[in-house]
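# No sequence on hand, only this structure:
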């Protein structure tokens, strides 16, 4: 009986040890974001941009940053602005865009940073609150290249077990049942 109990414990430990992987999605993955370009201030939407709501998936979400210059692609906890050619942004209190969590389904934003810049001469002014990200590049020049932004957020979601975890659990429990039944028949 002790040998049978020890076998069951070892099988259970192996089953749970192998099946401990979890999947965590980035803040933007599968979410709907709203993109709105503003100029010359935050009360004036600019019509020559890809304003609207976008579902974040594996495609480039926004194909017109402003005036046909560039794209925006969201992935995980970051997004990339890619400029196709160069020009300059006019001066004004605000010449940029706002990304919003319009359905309040994302975790609250806790920080917002530019981590790479080879497309803009200078540094844009960044700001955020729990549901909005602001990028203001008033008066700056840009050329062909990319800007990579990253967002940190409160993580309030439990990790989701991978499907393989459940499969291994079922197999492990089946082996335990088989071993126990076999021991009962033989012993």
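Looks like it came in fine. Quantities reported herein were computed from a predicted structural model and do not represent experimental measurements. Numbering: from 1, shown residues only.
# Could you use CA atoms for every contact and neighbour count after this?
Fine.
# so what does the helix or strand encompassing residue 82 touch, helix or strand wise?
If you go by DSSP states H and E, residue 82 is part of strand 78-83. Contacting strand 78-83 under the criterion 3 or more CA pairs under 8 Å, 6 or more residues apart in numbering; DSSP states H and E are the following elements: strand 71-75, strand 145-153.
# Buried residues, the first one. List them.
Meaning strand 71-75. Buried residues in strand 71-75, defined by neighbour count with 16 or more other CA atoms under 10 Å: 71, 72, 73, 74, 75.
# what's the spacing between the fourth one and residue 173?
Okay, so that is residue 74. When distance is defined by CA to CA, to the nearest Å, residue 74 is 41 Å away from residue 173.
# ok, back up a step: want to try a markdown table for the helices and strands packed on strand 78-83, with distance to residue 59 and mean pLDDT as columns?
Converted to a markdown table, the helices and strands packed on strand 78-83 look like this (distance: least, CA to CA, whole Å; pLDDT from 0 to 100):
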| stretch | distance to residue 59 | mean pLDDT |
| --- | --- | --- |
| strand 71-75 | 7 | 98 |
| strand 145-153 | 16 | 95 |
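# Kindly reformat those strands as a markdown table containing distance to residue 180.
Listed next are the helices and strands packed on strand 78-83 as a markdown table, based on distance: least, CA to CA, whole Å:
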| stretch | distance to residue 180 |
| --- | --- |
| strand 71-75 | 48 |
| strand 145-153 | 47 |
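# so after the strand holding residue 82, what's the next helix or strand?
strand 87-88.
# so what strands line up beside that next one?
Partner strands and pairing direction for strand 87-88 (DSSP bridges) are strand 141-142 (antiparallel).
# so which helix or strand takes in residue 174?
Take DSSP H and E as the rule and residue 174 turns out to sit in helix 163-186.
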